[in-house]
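Peer 1: coordinates only, no sequence provided:
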Ligand code: ZN
Ligand code: ZN
Ligand code: FE
């Protein structure tokens, strides 16, 4: 029979695996790459099909096995050269160094001893080096490097771990790592020395540059990066070192150790005020590329490892932009080019499940298999934490994190990713989905394409991102009636006001927080006293500040039902903050102050409008406010779920709040109310593009 295997099956050691299996079973036939998957021609064998699925190499993922014809296999099983047809094979994400490569990296008798770019078919860069499919060396940024004889032998040996490992290289033939005049291991030794002596060193990671320094240099890095309190991630030498510094549970430990190596935000035991000031959490991760392993063989203290970029913009991937940034004292780089950047993934564990703050290196592009043919759709996402999605045939691909689209550079990068995706997957979108917002650059771009444009309301996209995940992963709640809570910072609503505290039933906005006017316009996003004072005025309390009152009555303002803004006001009423240092800051402070129990404030739900008893909250003892506020939000969700008698979907940036998510889900569990929130895609605006696609498919015009 002739089979077409779809999924992540190229560049992940799939063909040699098939080869070895077929040879072991004594079957005749061949295997070859095609643009749309891997073709296997083989004698009938049940055992082969079973073991094909069971014993897959670590990075491979089968989405579908199609029987496409007969096969008269005569010859012993072999691997045939690839033929270029339509590109539809899922691109593999970049994966951390595997155990075997790691062993060779530190084995003085191995010829790749201390080779800082070692990788094989089971690990190493993929997404960040690929120029076109099929995934062959000439279609990657490894094309300029000529393999030496020994690498060539391994590359052509189906029994080798390096068989068709496109980024294969060694100390002799591969790209070099450099720092100034120094090269290879010497360059890394010098980087370690400089970091020890207090310097900030830029290091080229898999998907872009990091800025690396000792924790004690955090202040200087902050000053240079002009970033006052936003946390930096910390890289540790080992999981034991993380356990010493932080309180981590089994789920967090497993996630930190996973082959994707994300940054996991966990509870610190104290300290790390330089990396994560004021809050009780810190993002931690382990080395994931040979350069970092070598570096940590020379250094034992944890290091600040933060993306080289201007706040929230895409991570910098080329030397020129990095030097223009002017922050690093020295640069450790390598010659292989990064085709497109890919930032570190950031996650938490809540309700014993992984949650994405940022889906990127190791996880993105994230592909979904759809069991029916889709029209080709490009979804451009929102503005913050932008990602894009591409749907065609039986696939939906969600890009890794792109960043906040707020200036020319980030917009250009957004366009580049779209162009790359269209080219690599060979798709011309018939439909473009975007946010309804009139002023998002991403939406403007979509409208200017002139194709069939579908505008998707921001919070519906949040809900439908969750639904997509539920349906495409065959979750047990697939097809259930649900009530969807889309709570976040801001999104443009149907009525032109700013939404962010919405509850949907069958796509209708059934409930929402009572909208209130916020004085000060855009300024209020940072100056949260403007939000707090506006809320006071809204509930009829006096504010003794003539200037504010004037602004409230006559100045710029906006009306919003956003729960995110309520967190800001509550942080101020609780005396925790009067300035939003970075997105999510007030939420983290409120979590830190949470004391448990079930005390809460009264609230009312009338004609779908949710009103909290703000007067009681504002007049309450400051230390009681955070706890009672979070309990109130959870109680509101529980209450509405009971009224609606449906499964609950939670989506939107507010649910990045681990405490709120956990008290809510505990309450729902007690009532036996089934619930779902996204765990394979970001729960925040990073999931919007997926929601746009799925809304267009399921609810939209197509
Ligand atoms: Zn490897
Ligand atoms: Zn070589
Ligand atoms: Fe949002």
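Peer 2: Alright, I've got the coordinates. Here the structure is a predicted model, which is why all the values come from computation and not from measurement. Ligands and ions are numbered 1, 2, ... in the order given.

Peer 1: tell me who's in contact with residue 528.
Peer 2: By CB atoms under 8 Å, 6 or more residues apart in numbering, the contact set of residue 528 is 568, 569, 571, 572, 577, 578, 579, 580, 586. C-beta: built from backbone N, CA, C; applies to glycine.

Peer 1: pLDDT score assigned to it?
Peer 2: pLDDT for residue 528: 96.

Peer 1: helix, strand or coil: sort out the closest residue to it other than its chain neighbours for me.
Peer 2: Spatial nearest neighbour of residue 528, excluding adjacent residues (CB to CB, 6 or more residues apart in numbering): residue 568 at 4.0 Å. Put simply, residue 568 is helix when judged by DSSP: H, G, I helix; E, B strand; the rest coil.

Peer 1: shaky segments in this protein?
Peer 2: Within the chain, the ranges that satisfy pLDDT under 70 run 82-90, 701-702.

Peer 1: picking that back up, which one of the contacts of residue 528 is nearest residue 400?
Peer 2: Of all the contacts of residue 528, residue 580 has the smallest distance to residue 400: 26.5 Å, by CB to CB.

Peer 1: re the thing from before, which of the contacts of residue 528 has the most neighbours?
Peer 2: Ranked by the number of neighbours (other CB atoms under 10 Å), those place residue 568 first, at 30 neighbours.

Peer 1: identify the residues contacting that one.
Peer 2: By CB under 8 Å, 6+ apart, the residues touching residue 568 are 528, 531, 532, 580, 586.

Peer 1: ok so the third one is a strand residue?
Peer 2: No: under three-state DSSP, residue 532 sits outside any strand and is assigned helix.

Peer 1: hmm, residue 574 and it touching each other?
Peer 2: No: checked against CB atoms under 8 Å, the pair residue 532 and residue 574 is beyond contact range at 10.2 Å.

Peer 1: around ligand 1, which positions in the chain sit nearby?
Peer 2: Contact residues, the chain versus ligand 1 (CB under 5 Å from the ion): 98, 101, 120, 122, 123.

Peer 1: what's the burial count for the second one?
Peer 2: In other words, residue 101. Counted with other CB under 10 Å, residue 101 comes out at 23.

Peer 1: what's the helix or strand for the nearest residue to it once chain neighbours are set aside?
Peer 2: Spatially, and ignoring its direct neighbours in sequence, residue 101 is nearest to residue 118 (4.8 Å; CB to CB, 6+ apart). Following DSSP states H and E, there is no helix or strand that holds residue 118.

Peer 1: tabulate the contacts of residue 528 (JSON lines), appending secondary structure and distance to residue 629.
Peer 2: Conversion of these to JSON lines gives the following (DSSP: H, G, I helix; E, B strand; the rest coil; distance: CB to CB, whole Å):
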{"residue": "568", "secondary structure": "helix", "distance to residue 629": "12"}
{"residue": "569", "secondary structure": "helix", "distance to residue 629": "10"}
{"residue": "571", "secondary structure": "helix", "distance to residue 629": "10"}
{"residue": "572", "secondary structure": "helix", "distance to residue 629": "12"}
{"residue": "577", "secondary structure": "coil", "distance to residue 629": "14"}
{"residue": "578", "secondary structure": "coil", "distance to residue 629": "17"}
{"residue": "579", "secondary structure": "coil", "distance to residue 629": "19"}
{"residue": "580", "secondary structure": "coil", "distance to residue 629": "17"}
{"residue": "586", "secondary structure": "helix", "distance to residue 629": "11"}
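
Peer 1: what's across from the closest residue to residue 498 other than its chain neighbours in the sheet?
Peer 2: Excluding its sequence neighbours, the residue lying closest to residue 498 (CB to CB, 6+ apart) is residue 560, at 4.0 Å. For residue 560, the beta-bridge partners are residue 498, residue 516 (DSSP bridges).

Peer 1: was I right about residue 265 contacting residue 279?
Peer 2: No: taking CB under 8 Å as the definition, residue 265 is not a contact partner of residue 279, at 9.5 Å.

Peer 1: quick one, which of the two is more surrounded?
Peer 2: residue 265 (25 against 21).

Peer 1: returning to that earlier point: farthest pair within the contacts of residue 528?
Peer 2: Greatest spatial distance among the contacts of residue 528 (CB to CB): 569 and 579, at 13.1 Å.

Peer 1: helix or strand for residue 643, which one?
Peer 2: Counting by DSSP H and E, residue 643 is part of helix 625-644.

Peer 1: the following helix or strand past that helix pairs with which strands, parallel or anti?
Peer 2: The first helix or strand that comes after helix 625-644 along the chain, using DSSP H and E, is strand 647-651. Here strand 647-651 has these sheet partners by DSSP bridges: strand 482-492 (parallel), strand 675-676 (parallel).

Peer 1: need these in JSON lines with mean neighbour count and distance to residue 443, can you?
Peer 2: Formatted as JSON lines, the strands paired with strand 647-651 follow (neighbours: other CB atoms under 10 Å; distance: least, CB to CB, whole Å):
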{"stretch": "strand 482-492", "mean neighbour count": "26", "distance to residue 443": "9"}
{"stretch": "strand 675-676", "mean neighbour count": "21", "distance to residue 443": "28"}
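
Peer 1: same list, these, but as a markdown table with distance to residue 182 please.
Peer 2: Below are the strands paired with strand 647-651 laid out as a markdown table (distance: least, CB to CB, whole Å):
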| stretch | distance to residue 182 |
| --- | --- |
| strand 482-492 | 46 |
| strand 675-676 | 52 |
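
Peer 1: what's the closest of the ones you listed to residue 406?
Peer 2: In terms of CB to CB, the element of those nearest to residue 406 is strand 482-492, at 14.0 Å.

Peer 1: between helix 625-644 and that closest one, find me the angle.
Peer 2: 130 degrees (axes from the mean of the first three to the mean of the last three CA atoms, to 10 degrees).

Peer 1: show me what contacts the closest residue to residue 543 other than its chain neighbours?
Peer 2: Distance criterion CB to CB, 6+ apart; nearest residue to residue 543, sequence neighbours excluded, is residue 533 at 4.8 Å. Neighbouring residues of residue 533 by CB under 8 Å, 6+ apart: 519, 543, 545, 548, 552.

Peer 1: same thing but at 10 Å, please
Peer 2: Residue 533 sits next to 518-520, 524, 527, 541, 543-545, 548-549, 551-552, 569, 572 when contact means CB atoms under 10 Å, 6 or more residues apart in numbering.

Peer 1: quick one: the residue of the chain most remote from its centre from residue 43, how far?
Peer 2: Distance from the C-alpha centroid of the chain, by CA atoms, centre = their mean, peaks at residue 74 (46.9 Å). Going from residue 74 to residue 43 by CB to CB, to the nearest Å gives 10 Å.

Peer 1: equivalent analysis for residue 526, please.
Peer 2: Per CB to CB, residue 526 is found 68 Å from residue 43.

Peer 1: picking up where we left off before, now the helix holding residue 643, how far from the centre of its chain.
Peer 2: Remark: helix 625-644 is offset 28 Å from the chain centroid, using CA atoms, centre = their mean, to the nearest Å.

Peer 1: in that helix, which residues are buried?
Peer 2: Using 16 or more other CB atoms under 10 Å as the test for burial, helix 625-644 gives 625-638, 640-641, 644.

Peer 1: any idea how far apart the tips of stretch 557-576 sit?
Peer 2: Stretch 557-576 has an end-to-end distance of 24 Å (criterion: CA to CA, to the nearest Å).

Peer 1: show me the two of the contacts of residue 568 that sit farthest apart.
Peer 2: Taking CB to CB, no two of these sit farther apart than 532 and 580, at 11.5 Å.
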